[in-house]
Structure formats: structure tokens, C-alpha cells
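Q: sharing a model prediction with you, sequence too.
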Amino acid sequence: MISFNKEQIFIVTGASSGLGEGVALLLNELGATVVAVARNLERLNAMRAKCKFPENMHIEIKDLAEDIEALPQYVKDLKNKYGKFTGLAYCAGIVDIQPLQILDYGSMQKLFNIDYYAPLFLSKGFGDRRNNVGRGASIVFISSIAAISTDRGMATYAGAKAALISSAKVMARELASQGIRVNCVSPSDIITPMIKETEDNRTIETFYPLGAGQVSDVANMVVFLLSDKAHWLSRQNYIVDCGCI
Amino acid sequence: MKKADFLVALEDVLQRDEACNAEDMLEDYEEWDSLSKMAIMSYFDKNFGIKITLNQLKEIHQVNDLIQMAGSKIDD
């Protein structure tokens, strides 16, 4: 049984909906303190209203793309406010389906800011030994099955997610001396608000032999990787796709 | 760059809780590991246009030696 205590503080980005919300709620339910970061106050409050221990669920409104280079300082400010961090779950992300014929640099940059640059600069802050608890700390990035099995229209998204996996492997090497673990979780289609915008739920239901992936399927994996139970697991990309892709 | 500014930058590159002083021995810093040496090499390249090698870093013992390596790029 995985459990945490409230002295274990986790940053969860994209915490107001989808996978980030699932991870934030589960960490909180298992006893951890969560600093839930997202852009939208209303949705963050709605998430907080569902959590088991509201006193251990702290809300931070932030647009991660606003000033990427300032993100290490942002982590430092959060550390000064809440204490040294045990984990970072990077669950913020955007998807943008762009076949080559409409590829444009502006939207590519927008996507890379959230799906690639922001997780790296947050990690720069988290990996700073002054901001984390050292041994036992860990990072989990939500990547995507798109990084491995690509489909039409996904050139930018797949590229950013694959880049994130590669960089995570480098960070795992660099942070290992501090006892910090770094892993990726790569889900296939999960029933989230983001997917609902881009896919037809009925197609997803029939495509996957074990049924459509739910937020909890991914959240369980992320929280396991953030826990001490995973203390010998690092530098991996875990695919969560019911074996389908 | 002023020496004082460099000492603050060094503190940040090494991610130290305590301030750096010119007289400090680098070997006494627990943060002075191979990764930090890579970071210092990159810092010197980007900020001073000075390329230093790992072999050169092996000869360096004191924070002051680092300051010397920057030559005219760091002044009092």
C-alpha cells in the first residue's frame, strides 16, 4: 500500500483537469501535501473541492509559458512558501494536430513551450539541491505514446514528447548523485477533457480491447513512481496503453 | 564582472546554501563534483568566452584560482 505523509510536498502542474487533476487528488488522498499549479482558478477550486484533505491541497495560479526562464526562480519561491519538495509531477500539456501543409512556427513554439521547455526549466528549479529533499525525491513527466508510435498530424506534438523523454534520461543521470529519480509515463488515449476535444470517444472505446483508458489508470502509475515503492526505478519511460499500441 | 557578482554566480551554479568566498578551497565544497565542473566550464564559455578544460580544472584548488582563470573578465 502506497502512503505519504504531509511533510512530503509535491508540485503537480496541469492540476486543474485531466491527468494532473487525477495525480493531485490521488497524492492528496494518500496523505501527501500537494502544490497544485494551473492557469484557471475556478477549475483549481473545483478540483480542490473534490479532494480528501483540503488543508493539504494548495492552489497556485500560474501560466507556465508566461516566462519560461523564470521558472527555476518560481520553484524557489514555492519552496520558500511551502518547504523543500519531494516530487514534481509534470502533467501540463497541450496537443495541436498540425499536418505539414498547415505547419506554422508560432503554434509549434507555443506547444514546445508547454510540452518541452517548461518541464525542463521547472526541473532546473526542482533539481537545485536547495529546493528538494534529496534522496527519495523524484520527477515524473507525462509524455505520450505519440513519442513512440506516431500518427499523421502529430509532427510537433510527437517531437516535443519524444524530446522530453530523451531529456528526462539525461536529467536522470545528472540528478542521480543527489538520489533523485526521473521517469516518464507515456499514456495512449485517456478519457480526459483534452482528448474529448480531439477524438471521438466511441472510437476510443472500441479500439482498446480493455476499454478506454481512464485518468486513474495513469494517475496510479505516476503516483507509484513518485512513491518510495519505486525507489529503484529511474530513467525509464513507462507506456500505459493496455498493450495496444 | 565584479568579483562579488562572480561569487554570487558561483554560489548559484554550485547550488550552495552558503556564500562562496575567494579564499575557500573548492575541494571542501561537497557540491564540487564532476557535474559542477561541467557547469563551470559552460559558465566560463558563455559568460567570459573562455574555454577551460577538465585538465585545467584539476589544477585548481581555490575559488581564487577560478577568478584568476577569468583574467580581466573579473575585476575587483
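A: Thanks, I have it.
Q: for A:M47, what are its contacts?
A: A:A15, A:S16, A:S17, A:E21, A:A24, A:L25, A:A36 (Cβ atoms under 8 Å, 6 or more residues apart in numbering or on different chains). Where you see a C-beta, it was placed from the backbone N, CA and C, and this is true even at glycine.
Q: give me the number of residues near A:S167?
A: Counted with other Cβ atoms under 10 Å in any protein chain shown, residues neighbouring A:S167 total 17.
Q: which of the contacts of A:M47 fall within helices?
A: Using DSSP state H, the subset of the contacts of A:M47 located in helices is A:E21, A:A24, A:L25.
Q: can the contacts of A:M47 go into a markdown table with extra columns for pLDDT?
A: Listed next are the contacts of A:M47 as a markdown table, based on pLDDT from 0 to 100:
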| residue | pLDDT |
| --- | --- |
| A:A15 | 98 |
| A:S16 | 96 |
| A:S17 | 94 |
| A:E21 | 98 |
| A:A24 | 98 |
| A:L25 | 98 |
| A:A36 | 98 |
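Q: now those: which count as buried?
A: Neighbour counting by 16 or more other Cβ atoms under 10 Å in any protein chain shown classes A:A15, A:S16, A:S17, A:E21, A:A24, A:L25, A:A36 among the contacts of A:M47 as buried.
Q: hang on, isn't the fifth one packed against A:N56?
A: No - when contacts are counted by Cβ atoms under 8 Å, A:A24 is not listed as touching A:N56 (10.6 Å).
Q: overlap in contacts of those two?
A: In terms of Cβ under 8 Å, 6+ apart, A:A24 and A:N56 are both contacted by the residues A:V34.
Q: can I get the CA coordinates of stretch A:140-157 in PDB?
A: Output in PDB follows, covering the C-alpha atoms of stretch A:140-157 (Å, rounded to 0.1, in the frame of the first residue of the first chain):
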ATOM      1  CA  VAL A 140       7.600  12.200 -13.300                       C
ATOM      2  CA  PHE A 141       6.800  13.700 -16.700                       C
ATOM      3  CA  ILE A 142       3.700  12.900 -18.600                       C
ATOM      4  CA  SER A 143       4.900  12.200 -22.100                       C
ATOM      5  CA  SER A 144       2.800  10.400 -24.700                       C
ATOM      6  CA  ILE A 145       2.500   7.200 -26.700                       C
ATOM      7  CA  ALA A 146       2.800   9.700 -29.700                       C
ATOM      8  CA  ALA A 147       6.600   9.800 -28.900                       C
ATOM      9  CA  ILE A 148       6.900   6.200 -29.900                       C
ATOM     10  CA  SER A 149       4.000   5.400 -32.200                       C
ATOM     11  CA  THR A 150       3.300   8.400 -34.400                       C
ATOM     12  CA  ASP A 151       0.400   9.300 -36.500                       C
ATOM     13  CA  ARG A 152      -0.400  11.900 -39.100                       C
ATOM     14  CA  GLY A 153      -0.700  15.400 -37.900                       C
ATOM     15  CA  MET A 154       1.400  14.800 -34.800                       C
ATOM     16  CA  ALA A 155       4.800  16.000 -36.100                       C
ATOM     17  CA  THR A 156       5.100  18.800 -33.500                       C
ATOM     18  CA  TYR A 157       3.500  17.000 -30.500                       C
END
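Q: mean confidence score for that stretch?
A: Here stretch A:140-157 scores 94 as its mean pLDDT.
Q: likewise for stretch A:126-136?
A: 97.
Q: centre of the chain versus that stretch, how much separation?
A: Its chain's average C-alpha position is 18 Å from that of stretch A:126-136, according to Cα atoms, centre = their mean, to the nearest Å.
Q: now the end-to-end length of that stretch.
A: This stretch, stretch A:126-136, spans 13 Å end to end (Cα to Cα, to the nearest Å).
Q: who's in contact with that stretch?
A: If you take Cβ under 8 Å, 6+ apart as the criterion, stretch A:126-136 is touched by A:11, A:72, A:75-76, A:79, A:84-86, A:88, A:125, A:137, A:139, A:171, A:174-175, A:178-180, A:228, A:231, B:15-17, B:31.
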